[in-house]
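Student: quick one, fold the following:
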Amino acid sequence: MKRIISVFSLLLSVSFSFAYEYPVFSTVLSNGLKVIVCERPTGEMIEVQLWYKVGSKDEVDGIRGMAHLFEHMMFRGSKNFQGEGSIYLDSIEALGGTVNAYTSFDRTVYHQTIPKEKIINVFKMEADRMDNLILNQNTLDVERQVVGEELRNGENNWFQRMHNVVYDQLYPTGHPYRVDVIGYLDQIVSFTTKQCQDFYDKYYSPNNAVLIIVGNVKYEDVFALAEKNFGVITKQIPPLEKYKTPDIFSDSLRQYEYSVDFPVQIYGYMIPKPAVGDSDFYKFLFLKDLLFTNPNSVFNKEIVQDMQAAYQISPLSDDWSLYTNYCELYIIMQAAPGNVKVKKAINTEIQSIIDEGMDEQIMKDYLQNLKAQRTLNLYQNDFIASELGMAELYTGDFQKYDEMINAFEKITPEQLQQTATIYFNPEKFKVLNIKSTF
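Tutor: As a prediction, this is how the structure comes out:
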């Protein structure tokens, strides 16, 4: 390792650790790009992910939907990779790989699974679209038409249509998650190429990104390729300050009664959730999973399986967030009299936890199942890359990839009892009643 560091002494400072028993190396290029390499010596396909620390939280009124639109425009071509259609998608597939991307409130991630010998091709393309993306009127017109079609398709889905109406009433003015990631069509159709260029120049820079590679590679080779292709990019963005957000814990929802044009009734539980870094963050996630969202959760068993009083419980919010957000839990039931028994069952169970504490065996069973599932996921390069990326983005340290599991193991029944009292108290629940118009 000393030999490698001396070779790159002018360029790199290398750190070393292990993730899931695989060696992981990281460095930061002189332009601020962090590179993380997990050497997992199995198979010929590797995972390459590029995480940009930009999402819809970084938009202002007038450009709502810009971050998601960029996810599309980044596939259209750049100075040295031009062509018709989604040139990046076509190029990766021609190499024998697959490629996709997604946008959230906090991040935009481009990910590809490729044959390891094609890594140089992918690095060239990713570096070029980081520095030389083509942002002309044609690219803008084509991709906002695609996004507009996504929005219209959502309007054709009863659940998405309902959620859009609900979401617009959730967050107070000034909250970075105030607008759903996909944005507003009336603003998207009004974007100018200058607005797009300004957004690109502000957020798509090396010092606002993390490059992650997992698979049968050698970190020395990857670092050298990264320096050759990304190290020459000079554009920088100034440090981004954290937003000052309104307090949603004391905020009152603007609307509690909604209608849906589908033969169901829905209770929407809107529970303010602490952000990553808060001392209650992992305790909240643990209790939320135990009660609502894992397949064997208390309410999946009681309400969906045993009582057969609901079709399903649908979570519709990010667990990991840089800012406080609403944990959205939608309990979908038949549109029929008597559904209030579901609300009563939830209130009774949570009140028993507040009064008597959480069953320790339920906690142990869930942890055992969670660990088993994560062990199976270790066979997937994309899972490991995503875990490293989430840890890096949300904690500032990719070596905390297993912090959630470690935190869960230390949580006591008494702590969950306290968490139930603070966050899940039926007296504090914000419950939406969404009724069918049929």
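Student: how far away is the spatially most central residue of the chain from residue 321?
Tutor: Taking CA atoms, centre = their mean, the centroid of the chain lies closest to residue 104, which sits 5.3 Å from it. Separation of residue 104 from residue 321 (CB to CB, to the nearest Å) stands at 9 Å. To be clear about C-beta, it is placed using only N, CA and C from the backbone, and glycine gets the same treatment.
Student: same question, residue 126
Tutor: Residue 126 is 26 Å from residue 321, by CB to CB.
Student: give me phi/psi at residue 311?
Tutor: Note on residue 311: backbone dihedrals following degrees, to the nearest 10 are phi -70, psi -50.
Student: let me know the secondary structure of the residue nearest to it when sequence neighbours are not counted.
Tutor: Among residues not flanking residue 311 along the chain, residue 332 sits closest, at 4.7 Å (CB to CB, 6 or more residues apart in numbering). The three-state label given to residue 332 by DSSP: H, G, I helix; E, B strand; the rest coil is strand.
Student: quickly list what residue 332 is bridged to.
Tutor: Per DSSP bridges, the residues bridged to residue 332 are residue 266, residue 312.
Student: count the neighbours of it for me.
Tutor: Under the neighbour criterion other CB atoms under 10 Å, residue 332 is assigned a count of 19.
Student: now it: how far from residue 67?
Tutor: Going from residue 332 to residue 67 by CB to CB gives 29 Å.
Student: with residue 281 instead?
Tutor: Per CB to CB, residue 281 is found 24 Å from residue 67.
Student: so between those two, which is more surrounded?
Tutor: Legend: neighbour count by other CB under 10 Å for residue 281 and residue 67, higher for residue 67 (26 against 19).
Student: and that one, what does it touch?
Tutor: Contacts here follow CB atoms under 8 Å, 6 or more residues apart in numbering; on that basis residue 67 touches 54, 55, 56, 58, 59, 103, 108, 181, 199.
Student: output the below-cut-off pLDDT ranges for the stretch 101-250 of the chain.
Tutor: Judged against pLDDT under 70, the stretch 101-250 of the chain has no low-scoring part.
Student: now the helices for it?
Tutor: 119-131, 137-155, 158-167, 185-188, 193-203, 219-229 (DSSP state H, counting those that start in this stretch).
Student: need the residues that contact the fifth one.
Tutor: Translated: helix 193-203. Under CB under 8 Å, 6+ apart, the answer for helix 193-203 is 52-54, 58, 62-63, 66-67, 69-70, 73, 133, 135-137, 140, 235, 237.
Student: residue 436 - nearest residue in space that isn't next to it in sequence?
Tutor: residue 335 (4.1 Å).
Student: per-residue pLDDT, that neighbour?
Tutor: According to the prediction, residue 335 has pLDDT 94.
Student: re earlier: only whichever of the contacts of helix 193-203 are buried, select them in PyMOL.
Tutor: In PyMOL syntax, the buried subset of the contacts of helix 193-203 is picked out as below (16 or more other CB atoms under 10 Å):
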select buried, resi 52+53+54+58+63+66+67+69+70+73+133+135+140+237
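Student: which ones among the contacts of helix 193-203 are found in strands?
Tutor: residue 52 (DSSP state E).
Student: how far does stretch 163-171 sit from the chain's center?
Tutor: 19 Å (CA atoms, centre = their mean, to the nearest Å).
Student: now the residue nearest to the residue nearest to the centre of the chain when sequence neighbours are not counted: phi and psi?
Tutor: Computed as CB to CB, 6+ apart, the closest residue to residue 104 that is not its neighbour in sequence is residue 55, at 5.1 Å. Phi and psi for residue 55, reported as degrees, to the nearest 10, are phi -160, psi -170.
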